[in-house]
Every structure is written in structure tokens, then in C-alpha cells.
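A.B. asks: requesting a structural model of the entry that follows:
(chains A, B and C)
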Amino acid sequence: MPLPLTPLSRGSLPPDPIALARWLIGKRVVRPLDGAHVGGRIVETEAYLDDDPASHSFRGQNLRNRSMFGVRGNAYVYRIYGMWFCFNVSAGAPREGAAVLIRAIEPEFGLDAMAARRRGGDPRDLTRGPGRLCAALAIDLQLDGIDLCRANGALWLAEGGAPIGPIGTSPRIGITKAADAPLRFYERGNPRVSGPKSART
DNA sequence: TCACTGATCGTCT
DNA sequence: GACGATCAGTGAG
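C.D. replies: Modelled structure (predicted):
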């Protein structure tokens, strides 16, 4: 798919993690796999802040969360519930420990490659949810810490194409601490957004 | 369409 | 030893 994919420059990323989470809606995730580009538009994100009890960075830096503490625009990948991975973009200032969780994308290119990595199931669920997104794009711990602003990398971010619809805000999903903070952002009405229907209106 | 539950295992307490 | 930024399968409305 010869889409004009332009990598994001690190300097264009909003320094504020919340602003970054909102700004990333409509941008693209690009994953070169088997000689082709796989990915699509980001439609759902969540912000995790440095002083946020729900954030992995809350108790300070350790071996697992160190990627959250670097410059913004790097990948932070971790394993959850023993069998899934979640993909974040490091945010904020260096040593701050903030990140933006990419919860869902709208597949645009490499559909077959994604489906091949997620056998069965509803095609509309291919990349709906952080665990499914990582499975479809073959994102694992090997990509932890990678620079997402380099177009020749194994995983990177690109400028958006289609216009962005209205952006909704809600509490984050699946957490128990600071569960009411309105730090989830999504493109309203987009069927690729995760959660029940009421969570994407 | 939603609510509930089991699966599964690395990391931190 | 307990828990978690989840998912797929099942069953009810």
C-alpha cells in the first residue's frame, strides 16, 4: 500500500502527556512485517501520568518500566495477565515516567498479515483492545524502548491521513486505582474503539 | 449486547 | 503469595 507515510518528528509531540494522548488520535502506527507495512489509525488512547497511582511509574523506576522514563516518543511494552502485551508511547519530560497506552487502531494496511496473527474471531475485533492490537502487529518485549520517530525502525508512528472525528473523553478501562480520572480519549462513534458500545459514543 | 468467569505467569511485596 | 492498563467463551435478556 503506497500510502504517503511520514514519520512523526519527536519535536512535534506535545510535551504534556494528556495533550499527547489526545493528539495521537488519528495518527498512524506502522509496523514493517515480512516486507510490507502493517498498521492503521489510532482511535483510542489512555494517559498515565508520573504522579498517577494507576501508572506503572508511580513507585519509581525499575527494570520493567524504565522505558517510561526516557525521552518521549519511545515504545514502552509490557506483559499483562501472563499472556498479552500492551503498547505505550513514552510521554512527558525525561525522567518523568509518563506514557500513553495505545488501546485500539483502525486497520488501514496489511489486513491479511494482521488476520494471520489473530486466527478466528470477528475481523472487526482485529485491533480492538491493547492485547489484541499487540497480537495483530506482533508487538512484544523485543520492541520495548524502541524509537518510534524513526521511519526505518521495527515500529514507528506516522502522520494521520483521514480527518479526525469528534474526540470523546472517559475514565480509563480496567484499572482499580484513580479509576475515575478522565484520561481515556477515543474517536467518538468509531466501531474500532474497545469496550461496550456505550464506551465509544 | 452485556455480564460473568477461567486462563495464565511475570513482577513486585 | 497475590495481583494485574486483558481476552475468549458462555449464557441470559
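
A.B. asks: thinking residue A:187 is in contact with residue A:162, fair?
C.D. replies: No. Counting by Cβ atoms under 8 Å, residue A:187 does not reach residue A:162; the two are 10.1 Å apart. For glycine as for every other residue, the C-beta is placed from the backbone atoms N, C-alpha and C.

A.B. asks: tell me which residue is most central in chain A.
C.D. replies: residue A:102 (1.9 Å; Cα atoms, centre = their mean).

A.B. asks: give the bridge partners for that one, please.
C.D. replies: When bridges are called by DSSP bridges, residue A:102 pairs up with residue A:45.

A.B. asks: so it touches residue A:45, yeah?
C.D. replies: Yes. Contact status for residue A:102 versus residue A:45: in contact at 5.9 Å, counting by Cβ under 8 Å.

A.B. asks: got a pLDDT number for residue A:137?
C.D. replies: Looking at residue A:137, its pLDDT is 97.

A.B. asks: now do the shared contacts for residue A:187 and residue A:162.
C.D. replies: Common neighbours of residue A:187 and residue A:162, counting by Cβ atoms under 8 Å, 6 or more residues apart in numbering, are residue A:26.

A.B. asks: who has more neighbours, these two?
C.D. replies: residue A:187 (21 against 10; other Cβ atoms under 10 Å).

A.B. asks: okay, and the beta partners of the more buried one?
C.D. replies: For residue A:187, the beta-bridge partners are residue A:167 (DSSP bridges).

A.B. asks: so who does it touch?
C.D. replies: Residue A:187 neighbours (Cβ under 8 Å, 6+ apart): A:25, A:26, A:43, A:44, A:164, A:165, A:166, A:167, A:168, A:193.

A.B. asks: which one among these gets closest to DNA strand B?
C.D. replies: Among the contacts of residue A:187, residue A:193 lies closest to DNA strand B (Cβ to the nearest atom of the strand), at 11.6 Å.

A.B. asks: contacting residues for the closest one?
C.D. replies: A:43, A:44, A:103, A:104, A:128, A:186, A:187, A:199, A:200.

A.B. asks: ChimeraX command for the buried members of those residues?
C.D. replies: To isolate in ChimeraX the members of the contacts of residue A:193 that are buried, counting by 16 or more other Cβ atoms under 10 Å, one can use:
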select /A:43,44,103,104,128,186,187,200
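
A.B. asks: keep only the contacts of residue A:193 that also lie close to DNA strand C.
C.D. replies: On the criterion Cβ under 7 Å from any atom of the strand, residue A:128 are the entries of the contacts of residue A:193 that sit beside DNA strand C.

A.B. asks: residue A:89: which element?
C.D. replies: Using DSSP states H and E, residue A:89 maps to strand A:84-91.

A.B. asks: cool, thanks, talk later.
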